[in-house]
Structure formats: structure tokens, C-alpha cells
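Novice: Provided below for reference: sequence and predicted model.
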Amino acid sequence: MRTEASIQYAVQVYVTPRPGILDPEGETIGRALGALGYAGVSDVRAGRLITMRLEADGPDAARATASEMCARLIANPIIEDYAVQVEETVGGAS
């Protein structure tokens, strides 16, 4: 919801498989890195990055809204974890 005090924020959501959940993509990447000669690489986990712009009354409100979006749609809370990063965009209000 836009208000006069709303500021636009750049939001990044990192979604990764929870520990203990199989990650075939991460395993494939790990094996390929080893085959390319990168020794010492282990525990590779693959995830997704979702970016968006979000209007909110402050960074805490933007983070809360993004977290709600993750819980309702973006991440599967049974098998995935997520982290939200919020930064005010250059130019502030729009």
C-alpha cells in the first residue's frame, strides 16, 4: 500500500534448500567443479535469487512484507529457507 511516506526498496530474496534436504543441482555442480580440477569444494548447495522493488514505510516494513511473500508464495517452508536483504533505492520516494 502506497502512502506519502512510502519509499521504494530494492529487495533480494535468497531461497536455498534446508539442511538435510536433497539438492541434486548442488551435487551436480559440486561434481562438475571437482572434474574441472577445483579440489576442496564440498557441500555445494544451489538456490534461487528473486529480486523486486517494493514500496514500504521503512526498511523493517519492507522486510516484513517480503518475508510474508516468502512464507505465502516464494519459498516452500517445508523444504526451503530464505533470507531477505533490503536496500533503499537511489532517489528514495517515487
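Specialist: Sure, I can see it.
Novice: show me what the longest strand along the chain is packed up against.
Specialist: Looking across the chain with DSSP state E, the single longest strand is strand 7-17. With contacts defined as 3 or more CB pairs under 8 Å, 6 or more residues apart in numbering; DSSP states H and E, the packing partners of strand 7-17 are strand 48-56, helix 59-69, strand 80-88. For glycine as for every other residue, the C-beta is placed from the backbone atoms N, C-alpha and C.
Novice: go with 10 Å
Specialist: Here strand 7-17 touches helix 24-35, strand 48-56, helix 59-69, strand 80-88, going by 3 or more CB pairs under 10 Å, 6 or more residues apart in numbering; DSSP states H and E.
Novice: leaving out the residues flanking it, which one is nearest to residue 84?
Specialist: Closest residue in space to residue 84, ignoring its immediate chain neighbours: residue 66 at 4.6 Å, by CB to CB, 6 or more residues apart in numbering.
Novice: do the same with residue 79
Specialist: residue 21 (4.9 Å).
Novice: can you check residue 25 too?
Specialist: Per CB to CB, 6+ apart, closest to residue 25 is residue 46, 4.0 Å.
Novice: and that neighbour, what are its phi and psi?
Specialist: phi -110, psi 150 (degrees, to the nearest 10).
Novice: could I get the contacting residues of residue 38?
Specialist: Listed by CB atoms under 10 Å, 6 or more residues apart in numbering, the contact set of residue 38 reads 30, 32.
Novice: backbone phi and psi for it, please?
Specialist: Here is the backbone geometry of residue 38 (degrees, to the nearest 10): phi -90, psi 90.
Novice: how close does it sit to residue 45?
Specialist: 16 Å (CB to CB, to the nearest Å).
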